[in-house]
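Q: Provide a 3D model corresponding to the input given below.
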Amino acid sequence: MHAFSHLSPDFGGARELDRALLARYDAIISTSEPVLMMLALRRRTASTGARLVLILMGAEKRVERSRVPGVTKRLLRWALGAMDAIIVVGEGERGYVVAEGLSAPERVHLVPFGVDTAFWTPGPGGPEGPILAVGNDDGRDYELLVRAAGTRPLRIHTRRPLGNVPPSVTVTGGTWQDAALSDEALRDLYRACPFVVVPLRESSQPQGQSVTLQAMACGKAVVLTRTRGLFGGPLIQHGENCHLVPTGDLRALQEALDTLGADAAYRARLGAAARRTVEEHFTSDRMAEEIGAIVQGARR
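A: As a prediction, the model looks like this:
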């Protein structure tokens, strides 16, 4: 089977896809909304034998931020209805799509996110750096994290503007050159920090899974906000392989930072269990295999 993956969000790419590729491939996989709309229109107005598969993230957020939420929801329902399969990486996302009638339940497939466990690995040396937070999406609650951190050394790597922060907080990534952190450099940051914090705002969309799983694969304890869209479902367990905190709870986040900062044995236990969890359930190879099986089985 010949599959084409088109990830570019620009409309020019969508037009090129329409002109040259629809008749050439057995399956087309996309994460792009412009491409989604073009594919839906093509499916509705002309025959194409290609299986159309969308990897969907953030449907609820897209509707909430629209100036015309009702119209946006109807448009999504129309477009998603033309897909042969929809892949999501979190149960919260799947629940929203099904509950709102955006797609038939049997076409919405949950595939756990995965990372390369041969690259993201524990490294030599001890945790000498500050507490680490990484990520650019607007679902990150860095403002709450800065308040919770107090005078603890904290590094936040993000392109998002954070305004004034106390001297104990280092913010990097504010410029394009600074933000272009290589995977090797990011892995070094994970390895050097005592633990990683992924503070999130409430959402049904899975958020922070890349950073969380990369850090877990590096054998690091992670403080993660428990949201409706928490990826991993029952596989992410508080006190077993991760330290979960409620959304918007300043005291709980402060207590989490206190606990992990003071208890090296707890950090080590969480980190070792985190690595095993990723190896067993969240590898990129497994993710690719599951996506491949869904594409193969999608109706034509």
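
Q: longest helix anywhere in this structure?
A: helix 264-281 (DSSP state H).

Q: ok, and the closest non-adjacent residue to residue 246?
A: Nearest residue to residue 246 in three dimensions, chain neighbours excluded: residue 252, at 5.6 Å (CB to CB, 6 or more residues apart in numbering). Every C-beta, even on glycine, is put in place using the N, C-alpha and C of the backbone.

Q: what helix or strand is that neighbour located in?
A: helix 250-262 (DSSP states H and E).

Q: show residues contacting that helix.
A: Residues outside helix 250-262 that contact it (CB atoms under 8 Å, 6 or more residues apart in numbering): 131, 144-145, 147-150, 152, 194-195, 197, 199, 221, 223, 243, 245-246, 266-267, 270.

Q: quick check: angle from it to helix 264-281?
A: 100 degrees (axes from the mean of the first three to the mean of the last three CA atoms, to 10 degrees).

Q: pull out the buried positions in helix 250-262.
A: Across helix 250-262, burial judged by 16 or more other CB atoms under 10 Å covers 252-254, 256-257, 259-260.

Q: looking at those residues, spot the one nearest residue 167.
A: residue 257 (17.2 Å; CB to CB).

Q: for residue 150, give its distance to residue 168.
A: 8 Å (CB to CB, to the nearest Å).

Q: now residue 287
A: Separation of residue 287 from residue 168 (CB to CB) stands at 37 Å.

Q: these two touch, right, residue 89 and residue 109?
A: No - using CB atoms under 8 Å, residue 89 is not in contact with residue 109; the gap is 10.1 Å.

Q: tally of neighbours for the closest residue to residue 169 other than its chain neighbours?
A: Of all residues not flanking residue 169 in the chain, residue 154 sits nearest, at 4.8 Å (CB to CB, 6+ apart). Using other CB atoms under 10 Å, residue 154 is surrounded by 24 other residues.

Q: bridging residues for residue 154?
A: residue 131, residue 169 (DSSP bridges).
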